[in-house]
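> just coords:
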DNA sequence: CTGTTAGCGCTTTCAT
DNA sequence: ATGAAAGCGCTAACAG
């Protein structure tokens, strides 16, 4: 709000002694204006502190705003921040600006924010879904701006989606550990109601089965929603009888917690299992943590390209893009089994 | 764009057999509408997939959009992401949504983005300045929406600002190292044309002087703009004759590079100086890195409160808010001097 | 080269 | 309880 006395284009036109349209031409660098007129209008605009109203311009033009909305679960998480970064850069060429909102993993908030962005008439919408029911977007998928889901698909609608190759990544981790002699591998993962956690868990069991390994339930711990919980669960798991010789942690927060648990254990003279984490971590090279890594920014770039392509051709069928993972061996995953 | 056939309020009104104004009343939950009329309009709106056009509504209302713009240097950097996070949360209560754009440390881009946000009629604007001349905002400071600068002040204008207590933080680091017996302390910092780097460098020399310590130029290395450069500079510094016994690294990227350099040196059997880093790092606890920490999100919260306060009272004089630092000892800064 | 006349989609008065 | 008319700030057709 402030001292809201912004001059309008009409005021500029009046002060410059030209018509509204002429002033409009000048401000939009359109042709057919005499250089002298142009200069006069420009200088008047500057003196008055004129700034065009982009919203009004978009309205008159009848189109959407050159904005792409991004509803994330948590912008402070490196994962989402990198996606935003990749998306932002990919969007620059098309003149779109990114507008980010954080759902805080609250489905109700996610819906509110998504709808607010839609009402803002964004040119495209990217959502990292938290909720479990996105049917309220069904209409938009058919008649709205391009909608792209990242990190996991949305339930109840069939839209463009970008996911990580969870299955492949987990298999790389398991294969790696097995190749280093491990047959007793545990998994620490997030709540089972989260799609990604569920996917990785299923992939884990599947990958183990391919090696003819059966995983007892007590080696699979879920509910590790933050680093502290993960630390606790890992500690418990390792102190229980017959612990696994290796661990797979299913995301960056969990890996961080697990590292703290192992650190404490090592300091106490206990022995420590091999560890592979899903998601790369900052400074993981110094910590010697073996991880399943992938290009986070690539998720954002893919989302941007899906959105731009659909903007150009709304009739495209829904597409699924998968971002590849790769195993980065740094030490923690290469301990041989004690067995 | 897409299949852009969004129904308007007028279409809803027509379909429901009411006037535009009545439909408007319903969509805005205004009183004086018969329950049955209300239900009918609502159901028609739903069937048609109606979404109000927020931009048009703001226009008609004559106010600004409930958006707060944030121009950051790099959203993928944990520092800025945390600021954005703190700001977003602080803004929730007031119904504002954050809209972020990344300048990529390019002053021209920063200016373009800032102006685009202004044209979008944001309710407030927060900028992490990169450029060296912000006089183009002079008019806005007087007549525009609240403008807040974070991380460093802007040159040429006098506006609300949030900074870290650089001087205090550097002094804490120096005092800490001196208390642990160090008298030969080096500084690795970013380019001198960056305000923050300059501030911390000056603070460093000042703090050392207070201990009657003079720092030879060769112990102050600047130009460490990324982790790789920092690693190189630290390696050089330590390999040169008569290296310092302790190091202060002036931001998180530099600390990361320095840690890699020390890691390599230790692996090669060399001895390693004490280290204190400015800015906290993720997993720094596991790496045993002593740092000067502060609440990054607090910068965002302060920025939000400055903006909100000024929105309420534009006549406020420009204010400067300083975020406190604290030293977190974790090992790397507590090596005794070899001397 | 310049201006006039309509709107964009919505919210206001102010009537009824 | 409901509606008609005017207008937010701008652009798009058309004239001249």
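Great, that's in hand. Here the structure is a predicted model, which is why all the values come from computation and not from measurement.
> what about residue A:291, which SS state?
At residue A:291 the chain is in strand, as set by DSSP: H, G, I helix; E, B strand; the rest coil.
> who's in contact with it?
A:255, A:276, A:277, A:278, A:279, A:280, A:281, A:284, A:327, A:328, A:330 (CB atoms under 8 Å, 6 or more residues apart in numbering or on different chains). Just so you know, the C-beta spots here come from the backbone N, C-alpha and C atoms, and that holds for glycine as well.
> tell me, how many residues neighbour the residue nearest to the fifth one when sequence neighbours are not counted?
Yep, that's residue A:279 we're talking about. Nearest-residue entry for residue A:279: residue A:252, 3.8 Å, with adjacent residues in sequence omitted and distances by CB to CB, 6 or more residues apart in numbering or on different chains. Residue A:252: 21 surrounding residues under other CB atoms under 10 Å in any protein chain shown.
> residue A:252 contacts residue A:280, correct?
Yes. With contact defined as CB atoms under 8 Å, residue A:252 reaches residue A:280; the gap is 7.5 Å.
> which stretches in chain A count as strands?
Ranges of strands within chain A are A:65-72, A:97-102, A:122-127, A:147-150, A:160-164, A:185-188, A:220-221, A:246-249, A:274-278, A:290-293, A:320-323, A:326-328, based on DSSP state E.
> need the winner for burial among those strands.
strand A:246-249 (a mean of 30; mean count of other CB atoms under 10 Å in any protein chain shown).
> mind listing residues that contact it?
For strand A:246-249, contacts defined as CB under 8 Å, 6+ apart pick out A:170, A:173-174, A:177, A:180, A:182, A:184-189, A:204, A:224, A:230, A:234, A:237, A:255, A:257-258, A:273-278, A:333, A:335, A:337.
> and DNA strand D, which of the residues you listed reach it?
Contacts with DNA strand D are made by none of the contacts of strand A:246-249, judged by CB under 7 Å from any atom of the strand.
> keep only those residues that also lie close to chain B.
For chain B, no contacts are drawn from the contacts of strand A:246-249 by CB under 8 Å from any CB of the partner chain.
> helices along chain A, start to end?
Per DSSP state H, chain A carries helices over the ranges A:9-16, A:20-27, A:35-48, A:54-61, A:78-92, A:107-119, A:138-143, A:166-179, A:195-210, A:227-239, A:252-267, A:284-287, A:296-312.
> okay if I get the ones you listed as CSV plus distance to residue B:77 and mean pLDDT?
Listed next are the helices of chain A as CSV, based on distance: least, CB to CB, whole Å; pLDDT from 0 to 100:
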stretch, distance to residue B:77, mean pLDDT
helix A:9-16, 38, 91
helix A:20-27, 35, 92
helix A:35-48, 35, 92
helix A:54-61, 28, 93
helix A:78-92, 8, 95
helix A:107-119, 24, 94
helix A:138-143, 33, 89
helix A:166-179, 26, 98
helix A:195-210, 25, 97
helix A:227-239, 20, 97
helix A:252-267, 17, 96
helix A:284-287, 17, 96
helix A:296-312, 13, 97
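> to residue B:7, which of those helices lies closest?
With respect to residue B:7, and counting by CB to CB, the nearest of the helices of chain A is helix A:138-143 at 9.2 Å.
> just the buried positions in that closest one, please.
By neighbour count with 16 or more other CB atoms under 10 Å in any protein chain shown, helix A:138-143 contains the buried residues A:139, A:140, A:141, A:143.
> out of these, the closest to DNA strand C would be?
Proximity of those to DNA strand C (CB to the nearest atom of the strand) peaks at residue A:143, which lies at 13.3 Å.
> on that earlier part again, tabulate the helices of chain A (CSV), appending distance to residue A:67.
Shown next, in CSV, are those (distance: least, CB to CB, whole Å):
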stretch, distance to residue A:67
helix A:9-16, 22
helix A:20-27, 20
helix A:35-48, 24
helix A:54-61, 9
helix A:78-92, 10
helix A:107-119, 8
helix A:138-143, 16
helix A:166-179, 31
helix A:195-210, 27
helix A:227-239, 34
helix A:252-267, 29
helix A:284-287, 35
helix A:296-312, 12
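> and these: which comes nearest residue B:96?
helix A:107-119 (10.8 Å).
> the closest one and DNA strand C in contact?
No. Judged by CB under 7 Å from any atom of the strand, helix A:107-119 and DNA strand C are separated, with a smallest distance of 8.1 Å.
> tell me what that helix is packed against?
strand A:65-72, strand A:97-102, strand A:122-127 (3 or more CB pairs under 8 Å, 6 or more residues apart in numbering or on different chains; DSSP states H and E).
> average pLDDT for the second one?
When you say that, I think you mean strand A:97-102. Taken as a whole, strand A:97-102 carries a mean pLDDT of 90.
> helices or strands next to that strand in the packing?
strand A:65-72, helix A:78-92, helix A:107-119, helix B:78-92, strand B:97-102.
> what's the closest of these to DNA strand D?
strand A:65-72 (12.5 Å).
> and that closest one, how far from the chain's centre?
Distance of strand A:65-72 from its chain centroid, counting by CA atoms, centre = their mean, to the nearest Å, is 13 Å.
> and DNA strand D, is that strand touching that?
No. Using CB under 7 Å from any atom of the strand, strand A:65-72 stays clear of DNA strand D, coming no nearer than 12.5 Å.
> so which bits of stretch A:85-104 are buried?
Taking 16+ other CB under 10 Å as the criterion, stretch A:85-104 shows A:85-91, A:96-104 as buried.
> centre of the chain to it, how far?
Distance of stretch A:85-104 from its chain centroid, counting by CA atoms, centre = their mean, is 11 Å.
> which of the helices and strands packed on helix A:107-119 has the lowest mean pLDDT?
Taking the mean pLDDT of the helices and strands packed on helix A:107-119, strand A:97-102 comes last: a mean of 90.
> centroid residue for chain A?
Among the residues of chain A, the one closest to the centroid is residue A:80, at 3.9 Å (CA atoms, centre = their mean).
> contact partners for the spatially closest residue to that residue that is not a sequence neighbour?
Excluding its sequence neighbours, the residue lying closest to residue A:80 (CB to CB, 6+ apart) is residue A:72, at 4.2 Å. Residues in contact with residue A:72 (CB under 8 Å, 6+ apart) are A:80, A:83, A:84, A:100, A:101, A:102, A:103, A:128.
> equivalent analysis for residue A:210, please.
By CB under 8 Å, 6+ apart, residue A:210 lies in contact with residue A:171.
> domain assignment for chain A?
A:9-52, A:65-164+A:297-323, A:166-293 (automatic domain parsing).
> DNA strand D contacts on chain A?
A:6, A:8-10, A:20-21, A:24, A:27-28, A:50, A:52-53, A:56-57, A:59-61.
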